[in-house]
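# coords please:
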Amino acid sequence: MRARTKRLYAFGLAATLVVAAVALAWVGLGRHADLFYTPQLLVERGMPDAGKRVRVGGFVETGSLVNGDGAEIRFNIVDGSGETVLVSYTGLTPDLFREGEGVVATGQFETGSRLFVAEEILAKHDENYQPRELQDLGPKGAAY
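Reported below is the predicted structural model:
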């Protein structure tokens, strides 16, 4: 077999492997990717199908946090566009969850309603995070 033919077979095999890897990644990510909506995107693109699992993110609107029965809370998510999403969540919230801070809620919209029922709440923080237990020890960023 000539060297040129060997190179052609090697190139063909490499191209086939790359295409197969891309196809596997595409299928794998497509099945497990959650869509991320902001309140503005929900208005622009319309509401997702009721019962479809999605993620909604933004900031917890100041003054909107209401404690309900037991461990239920309700709050609004805003994104600076003037649009809001009402979220209901039952369970324990992360330590960093508070009004005015970033949040991502995973769940689904109720059928026939604009209420988002969250199954999971993720609180976002900036690079200056310091645990509550260490806040009284000194200024942020101080080396000990």
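# what about the strands in the chain?
Along the chain, counting by DSSP state E, strands occupy 36-37, 54-60, 66-67, 72-78, 84-90, 102-109, 116-123.
# what's the third one in contact with?
So that's strand 66-67. Residues outside strand 66-67 that contact it (Cβ atoms under 8 Å, 6 or more residues apart in numbering) are Ile73, Arg74, Phe75. C-beta here means a position set from N, CA and C on the backbone, and glycine is covered the same way.
# Show me what that strand pairs with in its sheet, parallel or antiparallel.
Strand 66-67 pairs in its sheet with strand 72-78 (antiparallel), by DSSP bridges.
# between the partner strand and strand 54-60, how many degrees?
With axes from the mean of the first three to the mean of the last three Cα atoms, to 10 degrees defining the directions, strand 72-78 sits at 80 degrees from strand 54-60.
# okay if I get the strands of the chain as CSV plus mean pLDDT and distance to Gly28?
Shown next, in CSV, are the strands of the chain (pLDDT from 0 to 100; distance: least, Cβ to Cβ, whole Å):
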stretch, mean pLDDT, distance to Gly28
strand 36-37, 82, 18
strand 54-60, 90, 18
strand 66-67, 90, 40
strand 72-78, 93, 29
strand 84-90, 93, 29
strand 102-109, 91, 19
strand 116-123, 92, 21
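# JSON lines please, covering the ones you listed and showing mean neighbour count and distance to Leu13.
Shown next, in JSON lines, are the strands of the chain (neighbours: other Cβ atoms under 10 Å; distance: least, Cβ to Cβ, whole Å):
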{"stretch": "strand 36-37", "mean neighbour count": "17", "distance to Leu13": "38"}
{"stretch": "strand 54-60", "mean neighbour count": "20", "distance to Leu13": "40"}
{"stretch": "strand 66-67", "mean neighbour count": "10", "distance to Leu13": "61"}
{"stretch": "strand 72-78", "mean neighbour count": "20", "distance to Leu13": "50"}
{"stretch": "strand 84-90", "mean neighbour count": "19", "distance to Leu13": "50"}
{"stretch": "strand 102-109", "mean neighbour count": "19", "distance to Leu13": "41"}
{"stretch": "strand 116-123", "mean neighbour count": "17", "distance to Leu13": "43"}
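# Format those as JSON lines; extra columns: distance to Gly30.
Formatted as JSON lines, the strands of the chain follow (distance: least, Cβ to Cβ, whole Å):
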{"stretch": "strand 36-37", "distance to Gly30": "15"}
{"stretch": "strand 54-60", "distance to Gly30": "15"}
{"stretch": "strand 66-67", "distance to Gly30": "37"}
{"stretch": "strand 72-78", "distance to Gly30": "26"}
{"stretch": "strand 84-90", "distance to Gly30": "25"}
{"stretch": "strand 102-109", "distance to Gly30": "18"}
{"stretch": "strand 116-123", "distance to Gly30": "21"}
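# All set, thanks.
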